[in-house]
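Trainee: pasting the sequence and the predicted coordinates here, then a few questions.
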Amino acid sequence: MRILVIEDEIKVANFIKKGLEEEHYAVDTALDGESGLYMSEVNDYDLIVLDLMIPKIPGLDVLRRIRSNKNKVPILVVTAKHSAEDIVKGLDSGCDDYLTKPFEFKVFLARVRALLRRERVDAEPILKLADLILSPVTHRVTRGGKEIELTSKEYGLLEYFMRNPNKVLTRTMISEHVWDYHFDSMTNVVDVYVNYLRKKIDKGFEPKLIHTIRGVGYILSPDRP
């Protein structure tokens, strides 16, 4: 899943980004309201983390403009503005949850998970294709009953594949959902990681699940030769 963090304090933004990436999320950061609003308009995000006291365009205005664009992405406000009036104003302006600074990171992560679960209320709690099983809650992956250890990026790549089974995914689509905004899609990193993943979930198993669509990208499917 891909998250946008709009936060002007570089140390805080990097702290949140690092923590989220350790939980297998792809994370983009914006240091002001203008760039954050632009990124929310040109990219698809599963969640936005928004500070209110940011330069160029204030956080509340960013929030209102995102909602005025009919964008229903879950938004978690994380801010030092902690009065009852501030919280009411944030919720009334369209945020889905409101967390005040300072905060415990485990609480922040719980809020993130809750919003993502709410967004995917109709999604299967377990993702399954053939004998490959992935749990988005525990991040546990098994095939044929055998547990498979994956790195953070390998897990993110597999989750994206399993949320889009039997669908051709281009290298650009993969890079936009698994890597961050600054990823160079002209490199062969996507191919390298698909190869890593293929060795872990296909080697020694039948049927093979990851298939190359030459000149286009990849597909996760049990039904291809």
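Mentor: Arrived safely, thanks for sending.

Trainee: now stretch 46-64: buried residues?
Mentor: Buried positions in stretch 46-64, judged by neighbour count with 16 or more other CB atoms under 10 Å: 46-52, 54, 57, 59-60, 62-63. No exception for glycine: its C-beta is placed from N, CA and C like everyone else's.

Trainee: in helices only, show me the residues you listed.
Mentor: Gly59, Leu60, Val62, Leu63 (DSSP state H).

Trainee: could you export stretch 87-100 as CSV, CA atoms only?
Mentor: Provided in CSV are the C-alpha atoms of stretch 87-100 (Å, rounded to 0.1, in the frame of the first residue of the first chain):
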residue,chain,number,x,y,z
ILE,A,87,-9.9,18.7,16.4
VAL,A,88,-13.5,19.6,15.5
LYS,A,89,-12.4,21.8,12.7
GLY,A,90,-10.1,19.1,11.3
LEU,A,91,-12.8,16.4,11.4
ASP,A,92,-15.5,18.8,10.0
SER,A,93,-13.1,19.7,7.1
GLY,A,94,-12.9,16.0,6.0
CYS,A,95,-10.2,14.1,7.9
ASP,A,96,-10.9,10.6,9.0
ASP,A,97,-8.9,10.6,12.2
TYR,A,98,-6.9,13.2,14.2
LEU,A,99,-3.8,12.5,16.2
THR,A,100,-1.9,15.1,18.2
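
Trainee: what about Val192, which SS state?
Mentor: helix (DSSP: H, G, I helix; E, B strand; the rest coil).

Trainee: for Arg224, give me its contacts.
Mentor: His211 (CB atoms under 8 Å, 6 or more residues apart in numbering).

Trainee: let's verify the closest residue in space to Asp97 that isn't next to it in sequence: helix, strand, or coil?
Mentor: Nearest residue to Asp97 in three dimensions, chain neighbours excluded: Leu76, at 4.9 Å (CB to CB, 6 or more residues apart in numbering). Assigned with three-state DSSP, Leu76 falls in the strand class.

Trainee: Leu76 is in contact with Val112, isn't it?
Mentor: Yes: judged on CB atoms under 8 Å, Leu76 makes contact with Val112 at a distance of 6.6 Å.

Trainee: could you list the low-confidence segments of the protein?
Mentor: Under the criterion pLDDT under 70, the flagged ranges of the chain are 119-124, 180-186, 225.

Trainee: cutoff 90 now
Mentor: Residue ranges of the chain with pLDDT under 90: 1-2, 21-26, 42-44, 116-126, 136-139, 152-153, 171-173, 175-187, 215, 223-225.

Trainee: all strands in it, in order from the N-terminus.
Mentor: 2-6, 26-30, 47-50, 75-79, 97-100, 127-129, 132-134, 141-143, 146-147, 169-170, 210-213, 217-220 (DSSP state E).

Trainee: much appreciated, bye for now.
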